[in-house]
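Student: Sequence first, predicted model second:
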Amino acid sequence: MTAPMDIVTDLAHGGRWTSLRTAGREWLWHREVPERQSVSPGDAFVDAGGLEECIPTVRGTPDHGDAWSRPWTRDGDSDVLHHDRFILTRTIRGTAEGAEVDYVLKADAGFRFVWAAHALLDLSDRATLHIRDGANTRLFPEAAPLLEEAWPQGAAWVEGSWPAPGGLRLDQLGSDDGTAVGAVVDASHCCVHDRADRLSLSLEADGQPVSTALWRNLGGYPAAHPYRSTGVEPMLGRVFDLAEAGLGDAARVPESGEVRWRLTLTANCRCT
């Protein structure tokens, strides 16, 4: 029997997911960037696509976190990242419908972090994103020119309701228009529809803030040499930049010194 989902990772280069395949379809978008193979901790982020493990932040410092630029190791059935402030363990397991990925982070009690499964997907301009209607959605400053109302002076984000916060429709990708927008949606589940294909992503984490981050880049980033990429990113936290996290906006290690969460992926529709 053929497994419904096949995941390939590259432990030597940040534990990056290099393939997420279902029924002959590759879901992960890629970009040829040779310098991705020689990065070191503290380097500016090199966007080669795939799925990057971003922790303890996405934006800010360090750029896209501390995991993507460091080698991981294999321990039994698990992948492990040793950092001077935390240890992150990832265990990927196939299921009848797709895959489950269990994470364990160990750190000192009180350690705050944002984590995102920074998945850049290879989607057509007809793809749609399905998230619970009315879910609170944060938009970040790059969205300012696209909104119905002026951006509040000094605001790190503005809030609205899915699927069109501030009048900006986010559930339909469409063709390239030269824009790039990041958003964080207060929802633990997102289903991607691209013609007949489906990919469902959901996240569970007891006692931690769970959301779905989006990066809708329709040829608007980077400014000098823009390209198209679409990020659908299950997230612990409610902001891209840990430095901007207020109360309840970041995951926090409890007295046990351990945080656990599970990412579930399926190759069928789980929309409700």
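Tutor: All right, it came through fine. Residues are numbered from 1 along each chain as shown.
Student: Name the residues linked to the residue lying closest to Arg25 once chain neighbours are set aside by a beta bridge.
Tutor: Once flanking residues are discounted, Arg25 sits nearest to Asp197: 5.6 Å by C-beta to C-beta, 6 or more residues apart in numbering. Every C-beta, even on glycine, is put in place using the N, C-alpha and C of the backbone. Note on Asp197: beta-bridge partners by DSSP bridges are Asp194.
Student: Next: Phe86.
Tutor: Here Phe86, judged by DSSP bridges, has bridge partners Ala107.
Student: Wait, it touches Ala109, no?
Tutor: No. The criterion here is C-beta atoms under 8 Å, and Phe86 misses it with Ala109 at 11.9 Å.
Student: any idea which element the residue most central in space within the chain lies in?
Tutor: For the chain, Glu233 is the residue whose C-alpha lies nearest the centre (C-alpha atoms, centre = their mean; 2.3 Å). Using DSSP states H and E, Glu233 sits within strand 227-236.
Student: Which strands and helices lie in contact with that strand?
Tutor: strand 115-121, strand 189-194, strand 197-204, strand 210-221, strand 258-266 (3 or more C-beta pairs under 8 Å, 6 or more residues apart in numbering; DSSP states H and E).
Student: so which of those gets nearest Ser40?
Tutor: Ser40 sits nearest to strand 115-121 of all these, at 18.9 Å, using C-beta to C-beta.
Student: Identify the spatial nearest neighbour of Thr61, chain neighbours not counted.
Tutor: Ala243 (7.6 Å).
Student: what's Ser211 in contact with, if anything?
Tutor: 184-188, 235-238 (C-beta atoms under 8 Å, 6 or more residues apart in numbering).
Student: swap that for Ser202, please
Tutor: Ser202 neighbours (C-beta under 8 Å, 6+ apart): 188-190, 234, 263-264, 270.
Student: Now do it against Thr264, distance only.
Tutor: 5 Å (C-beta to C-beta, to the nearest Å).
Student: quick revisit: which of the contacts of Ser202 has the most neighbours?
Tutor: Pro234 (28 neighbours; other C-beta atoms under 10 Å).
Student: Surely that residue touches Leu203?
Tutor: Yes. Assessed by C-beta under 8 Å, Pro234 is found in contact with Leu203 at 4.1 Å.
Student: quick one: secondary structure of Pro152?
Tutor: coil (DSSP: H, G, I helix; E, B strand; the rest coil).
Student: number of nearby residues for it?
Tutor: 10.
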